[in-house]
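1. only geometry, no sequence info:
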Ligand code: NAD
């Protein structure tokens, strides 16, 4: 069975990693879609699609997780065409895993099997909360995999968030 997981991964955090491990306990293969791939260098979307692919790849390598393919997919203006648009970018798959109610609804309406994800530590394992902490200079490194901490340090992720918030990048 081949599964699909869509996310913005701004940034990739420990909740995402736990979900991937759970999915791979049920599926043989996993396709990860890095969504909103056209966005970068914005307060809500600080990291480029290539940077997000790199974070995910490094975190999975660190955990010796195989059987995962990663694809970048831009958003489109029409939600109802979104499942078909995703399917044009990725190999065939059997089931979509998501905790996002819009994604669940759209893929169900497109005839795909959808399995709901239960959020883990949702207040902390949250892209919004991690970005807020990075901008505020609060502790966030315990919320993302170690490989992502190292990568964000290499690309100056914390500094970028502060500049974006001030409008100086
Ligand atoms: P996300 O990075 O917030 O989450 C990715 C997945 O991980 C989701 O299924 C989410 O439920 C799960 N997750 C997040 N935190 C978790 C936690 N603490 N514990 C367990 N699981 C957790 O991404 P998202 O917002 O779900 O991404 C949806 C993507 O689909 C976006 O890029 C969005 O733009 C795209 N989209 C586009 C269109 C369009 O273009 N018309 C329509 C619908 C969705």
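-> Everything's here; your move. All of these numbers come straight from a predicted model, not from anything done at the bench.

2. tell me the spacing between the closest residue to residue 49 other than its chain neighbours and residue 158.
-> In space, and not counting its chain neighbours, residue 49 is closest to residue 37: 3.7 Å by CB to CB, 6 or more residues apart in numbering. (C-beta placed from N, C-alpha, C; glycine too.) Here the criterion is CB to CB, to the nearest Å. By it, residue 37 lies 23 Å from residue 158.

3. these two: which has the busier surroundings?
-> residue 37 (20 against 16; other CB atoms under 10 Å).

4. quick one: name the residues of the chain near the ligand.
-> 6-9, 15-16, 19, 35-36, 75-76, 79, 82, 98-100, 102-103, 106, 117, 119-122, 125, 127 (CB under 6 Å from any ligand atom).

5. which parts of the protein are helices?
-> 14-26, 49-62, 82-89, 101-109, 127-136, 146-154, 157-166 (DSSP state H).

6. most tightly surrounded among these?
-> helix 49-62 (a mean of 20; mean count of other CB atoms under 10 Å).

7. what residues does it touch?
-> Under the contact criterion CB atoms under 8 Å, 6 or more residues apart in numbering, helix 49-62 has outside partners 8-12, 16-17, 20, 32, 34, 37-38, 40, 47, 66, 68, 70, 72, 145-148, 150-152, 155.

8. and if we set it to 6 Å?
-> The contact list for helix 49-62 (CB atoms under 6 Å, 6 or more residues apart in numbering) reads 9, 11-12, 17, 34, 37, 68, 70, 72, 145, 147-148, 151.

9. return the closest of the residues you listed with respect to the ligand.
-> Using CB to the nearest ligand atom, the shortest approach to the ligand within those belongs to residue 9, at 4.8 Å.

10. now the closest one: closest residue in space that isn't a chain neighbour?
-> Using CB to CB, 6+ apart and skipping residues adjacent in sequence, the residue nearest residue 9 is residue 52, 4.7 Å away.

11. distance of that neighbour relative to residue 160?
-> Counting by CB to CB - residue 52 and residue 160 are separated by 13 Å.

12. residue 44 too?
-> In terms of CB to CB, residue 44 sits 13 Å off from residue 160.
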